[in-house]
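*Asks:* Based on what follows, work out the 3D shape:
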Amino acid sequence: MFKPTSARDRINYGEVLMPPVGYKLEHAIGTTYSLDLETLTAVAIALGLIEDTDSELISNPISMLSALQKISDRIIVFCEAGQIKLPSKPNALCLTLEKMVVPVSVPYDKKIKRFPAFHPKTWLLEYSNEEGKKKYRFVVMSRNMTFDHSWDVACALDGDTSSSGEVSAEPIVEFLKFLKKQLNKDLVNFTRQNNDIAYMIKTILQVNFQVEDGFSECVIMPLGIGSGSYDMAANWLFTENFHELVVMSPFLTGSVIAGFNNPGKTLTGTTRTLITRRSELPKIADGKASNFDVYVMKDDIIDGESSISDGEEQFEQESGKQDIHAKIYVRRKYNTTDLYLGSMNASYAAINSNVEMMLRLRTKNSLLNGEKFLDDIMGDDREGKKNPFELVSLDDIDEIDETSVQDSVEQMIKKICRIKMSARVEANSGKFDVRVSVEIDCKMDGVVIRPLRSNKESELLPDMEFNSLEMLQLSEFYVVSATIDDCTLDRVIMIPTSGIPEGRDAEIIKNVIKTKNQFIEYVAFILGDDYVQSFLENKKSSGEFGEWEQNSAMPAVYEKMLKTSVSDPERLGEIQYITKAIEEEEIIPPEFREMYEVFCNTLGIKQV
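*Replies:* From the prediction side, this is the model:
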């Protein structure tokens, strides 16, 4: 079940999102703490082209454009405001992602004296087939929408409206209602996003989700969403004793582990195991985990990609490193085992104030318990070389002050994201000026802001101007840089921006499709997977497509278009959109336009 070396037990991020065979995506609502825009593009590849997120198509701008054209109006992704990673090279296609992204700013919590985190990692997906039958999938995971390769966990629940199911969808409805309230009415795509979530709220109540094989119960547990929240602090995970407890959590609060360490009346033969990151060990010094066996990942195993911060305890993961990121709790009492998984760290804020999503799965001791779980992830020989974890001693570790300069910068970014801002675009002699208004009284020291695809920057002032921008530099994405002492943090934020020309989307297309060969490649992606593969293989072997040949290429394209009109007519609308956006004959030959017009007239396809 949890063996990291087993292909059967490993979950591919792309595969868990891809539609079932014969189905296509209709709606997708995702949540994440941190968001990498390049990862979101990879998600579009998985959902739009039904390819793995690590497919070579992710590096092909034509395939990315095709995928984004297919599903950008069908996806909404909620993330923590101020936790959108700055792309290394933000290309024009990044602007298409505006349609999908919704930043969430949870109000300040006086009890914890900081801003709680919007921290759930979930997907709710609706698929349909040609007969109109629909399937649904709800995914709860610990992984953010980034390219981080740390150890994570995920569970997917499938369902439909025709069969019986044991898992109540009511908590999902409460979660969706919370998300609907987070939409910003001033952002361009508010109406579409609001309607999509309203549709899913109405629909999901009729869906019956199936419990995972081997489990007798499954409870969906949204935390921190108001009246519909699950009260995790009152759950027996934290209030009752146990025979076995295994906690895997990358980030900790000492008081939470101390509560597990001394829960009151202890049962005979109780065992406790904690798996965490080495950097967290000082938080559980001074006896807070005295009854635990504590494990961390071995240094020679920690080798992955850099990532941005995850949650209230961590600011920036060291570049080139990976570690555990899964949040798993295995609790056995007598013959019953409860498995908790999702986004909740073993921290006070996660349990009491953050927005989180967890699942509780119940099974029998004979199928899963703490020892079986540890055998899966560590192997039978706990001290052997093949065990990726090592047992550590807390005797020589001192407690530390958990506050830091980095954390202060993180909180500054959160504060900036909660300031009301607006922007407007004005045309100026073929270029554009952007005027940004910020509801502050004076300059905010240590903060600089700029449009995502421009180097023109300004200190954060009540009124700012970015003049003489190109059309493809206009966006609701902006970059904010915050600095305290020598620590600087760059993040992408969203500012409602009015007046962005309608022609900008056409310019995005023309920025990608610049030649006749690229147009042929795009049509190939629209028309079917067999064309995708053949064109990619051709490009890989020869370096580029051959010239347009009317006698050979056009009949093949025309034949494929006829077949597509029967099997998936919606694809043809994508071709029409491109032909409207691109007027240049050197890119779209007149003979193709003539052929397409005859084709539409013959089949009665309305041209808009």
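*Asks:* use CA for all of it now, contacts and neighbours both
*Replies:* Will do.
*Asks:* can you list the weak-confidence ranges in the chain?
*Replies:* Within the chain, the stretches with pLDDT under 70 are 1-11, 51-57, 263, 303-321, 399-403, 528-554, 607-608.
*Asks:* Show me which helix runs longest in it.
*Replies:* For the chain, the longest helix by residue count, based on DSSP state H, is helix 550-567.
*Asks:* From the contact counts, what lies against that helix?
*Replies:* Using 3 or more CA pairs under 8 Å, 6 or more residues apart in numbering; DSSP states H and E, the elements in contact with helix 550-567 are helix 516-527, helix 570-581.
*Asks:* shouldn't residue 127 be in contact with residue 136?
*Replies:* Yes - with contacts counted by CA atoms under 8 Å, residue 127 reaches residue 136, the gap being 6.3 Å.
*Asks:* Between those two, point out the one with more neighbours.
*Replies:* residue 136 (24 against 21; other CA atoms under 10 Å).
*Asks:* what's near enough to touch that one?
*Replies:* By CA atoms under 8 Å, 6 or more residues apart in numbering, the residues touching residue 136 are 124, 125, 126, 127, 158, 159, 160, 207.
*Asks:* Nearest residue to the fourth one in space, please, no chain neighbours.
*Replies:* What it means is residue 127. Spatial nearest neighbour of residue 127, chain neighbours left out: residue 25 (4.5 Å); criterion: CA to CA, 6 or more residues apart in numbering.
*Asks:* ranges for the strands of the stretch 201-350 of the chain?
*Replies:* Using DSSP state E, counting those that start in this stretch, the strands of the stretch 201-350 of the chain run over residues 208-209, 217-223, 244-248, 271-276, 293-297, 327-333, 336-342.
*Asks:* so how far is the fifth one off the chain centroid?
*Replies:* Relative to the chain's own centre, strand 293-297 is displaced by 28 Å; criterion: CA atoms, centre = their mean, to the nearest Å.
*Asks:* Which other helices and strands does that strand contact?
*Replies:* Strand 293-297 is packed against strand 271-276, strand 389-392, with contacts defined by 3+ CA pairs under 8 Å, 6+ apart.
*Asks:* Does anything pack onto the first one? Which helices or strands?
*Replies:* Okay, so that is strand 271-276. strand 244-248, strand 293-297.
*Asks:* who does the last one pair up with?
*Replies:* Using DSSP bridges, the strands paired with strand 293-297 in its sheet are strand 271-276 (parallel), strand 389-392 (antiparallel).
*Asks:* The first one to strand 244-248, inter-axis angle?
*Replies:* Using axes from the mean of the first three to the mean of the last three CA atoms, to 10 degrees, the direction of strand 271-276 lies 0 degrees away from that of strand 244-248.
*Asks:* tell me the angle of strand 271-276 relative to strand 327-333?
*Replies:* Using the same axes, to 10 degrees, one finds that strand 271-276 and strand 327-333 are set 180 degrees apart in direction.
*Asks:* Render the CA-only coordinates of strand 271-276 in PDB, please.
*Replies:* Output of strand 271-276 as PDB, limited to C-alpha atoms (Å, rounded to 0.1, in the frame of the first residue of the first chain):
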ATOM      1  CA  THR A 271       4.300   2.200  20.600                       C
ATOM      2  CA  ARG A 272       4.900   5.600  19.000                       C
ATOM      3  CA  THR A 273       6.900   6.500  15.900                       C
ATOM      4  CA  LEU A 274       7.600   9.900  14.400                       C
ATOM      5  CA  ILE A 275       9.000  10.500  10.900                       C
ATOM      6  CA  THR A 276       9.900  14.100  10.200                       C
END
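*Asks:* how far does it sit from the chain's center?
*Replies:* With CA atoms, centre = their mean as the basis, strand 271-276 stands 29 Å off its chain's centre.
*Asks:* for the shortest one, same thing?
*Replies:* Computed by CA atoms, centre = their mean, the separation of strand 389-392 from the middle of its chain amounts to 31 Å.
*Asks:* same deal with stretch 348-364?
*Replies:* Here stretch 348-364 shows a centroid-to-chain-centroid distance of 19 Å under the convention CA atoms, centre = their mean.
*Asks:* and what of stretch 342-359?
*Replies:* Counting by CA atoms, centre = their mean, stretch 342-359 is centred 17 Å from the centre of its parent chain.
*Asks:* Can you measure across it, start residue to end residue?
*Replies:* Distance across stretch 342-359, first residue to last, is 6 Å (CA to CA, to the nearest Å).
*Asks:* Residue 507 is in contact with residue 472, isn't it?
*Replies:* Yes - using CA under 8 Å, residue 507 is in contact with residue 472, at 7.1 Å.
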